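Visitor: quick one: sequence plus predicted model below, questions after.
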Amino acid sequence: MQRLKDKIRDIPDFPKPGIIFKDITPLAKDPAALRLAVHYLVQPFLGRDITAVAGMEARGFIFGSLVAWELNLPFIPLRKPGKLPYDAQSISYDLEYGSASLEIHTDALNANDRVLLIDDLLATGGTAKASCELIEQLGATVEALGFVIELDFINGRKQLEDYEIHALLHY
Ligand SMILES: O=P(O)(O)OC[C@H]1O[C@H](OP(=O)(O)OP(=O)(O)O)[C@H](O)[C@@H]1O
Ligand SMILES: Nc1ncnc2[nH]cnc12
């Protein structure tokens, strides 16, 4: 795991004063490290009854689509507002440095789906909680959540108590 941690760059005061931004671009830039991260990321989910992988725009797309590829499952994008072309369901939420919205196509999932939600980072959990609600609004079940990074000191898990959560790197 230290090999992966070495590929996460701290950027102080981005995007706001007081935030230490965990930059995953050095990890994405290194093919061996990226493969290793995805290898570890999928381990808890192998052989499980999961029907789809969902990821949040934008950094969740990087890891979510690689996990979907690795598990040979559909990838469902949760997008920033106004980007999805078909009927979409929307939700607003707060995150570590502001507020935002995400959308999902209303036909992306149904009541038979058991979804693995993947993102790069768990901070307050606002993004993840809203994403779970979006998935559940379509009648689907959230099977588990997977993150590359968890900021333990923010304790985003407290608002995700009902869910199984796995994270590779803890700060
Ligand atoms: O746990 P939280 O406090 O909700 O924060 C975590 C979220 O913040 C970042 O996304 P951001 O909204 O910055 O979008 P990006 O992926 O487009 O950079 C990150 O990729 C997570 O999705
Ligand atoms: N500290 C942080 N670094 C990178 N992405 C984030 N999303 C929310 N908080 C973050």
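Guide: Yes, it's here. Computed from a predicted structure; not experimentally measured. Ligands and ions are numbered 1, 2, ... in the order given.

Visitor: find the nearest non-adjacent residue to the residue most central in space within the chain, please.
Guide: Compute the mean C-alpha point of the chain, and by Cα atoms, centre = their mean the closest residue is residue 119, 1.7 Å away. In space, and not counting its chain neighbours, residue 119 is closest to residue 60: 4.0 Å by Cβ to Cβ, 6 or more residues apart in numbering. C-beta here means a position set from N, CA and C on the backbone, and glycine is covered the same way.

Visitor: and the gap between that neighbour and ligand 2?
Guide: Per Cβ to the nearest ligand atom, to the nearest Å, residue 60 is found 11 Å from ligand 2.

Visitor: check residue 47 too.
Guide: 31 Å.

Visitor: now do residue 32
Guide: Residue 32 sits 23 Å away from ligand 2, taking Cβ to the nearest ligand atom as the criterion.

Visitor: what do you get for residue 97?
Guide: 6 Å.

Visitor: which residue is the nearest non-sequential neighbour of residue 95?
Guide: residue 126 (4.6 Å).

Visitor: so what's the one you found up against?
Guide: Contacts of residue 126 were listed using Cβ atoms under 8 Å, 6 or more residues apart in numbering, and they are 93-96, 156, 159.
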